[in-house]
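What follows is a predicted protein model with its sequence.
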Amino acid sequence: MSRAKGNLAEDKACDFLYENGFSILERNFYSRFGEIDVIATKDDVLHFVEVKSGEDYEKAIQNITRSKLSKLLKTCDVYMKKNSYDGDYMLDALVVTPESIELLENITI
């Protein structure tokens, strides 16, 4: 996927999160382990959001692998240490397709 398509999906994701009561704290947080697309908060819970887009739900969600989750969790740890955060948090996926946007909270493999 091109960077432009990725940015468009992230913009749609942020609009969706905002409309659903989330406050966006940061986008594209990088560490040596990887990148977190969106960091948001809602109801005193920190949400690390991986945005995936595709022509359909199945193609988009298949890109979240065990390896990707491992890198995301390490990057979450870096963010929390850097910001001295020790509250509640979860790792979410937001799947953007031409027909829908779906939030999957607290993902695991």
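Done, it's in. Numbering: from 1, shown residues only.

now residue 28, what's its secondary structure?
Secondary structure state of residue 28, per DSSP: H, G, I helix; E, B strand; the rest coil, is strand.

Hmm, it is touching residue 35, no?
Yes. Using C-beta atoms under 8 Å, residue 28 is in contact with residue 35, at 6.0 Å. C-beta coordinates here come from the backbone N, C-alpha and C atoms, glycine included.

quick one: residue 73 is in a helix?
Yes. Counting by three-state DSSP, residue 73 is found in a helix.

any chance you could read off phi and psi for the residue of the chain most remote from its centre?
Of all residues in the chain, residue 84 has its C-alpha farthest from the mean position, at 20.1 Å, by C-alpha atoms, centre = their mean. Here is the backbone geometry of residue 84 (degrees, to the nearest 10): phi 50, psi 50.

again, but for the one 10 residues further on
The phi and psi values for residue 94, taken as degrees, to the nearest 10, are phi -120, psi 120.

That one: how many residues sit nearby?
26 (other C-beta atoms under 10 Å).

Distance of it relative to residue 86?
25 Å (C-beta to C-beta, to the nearest Å).
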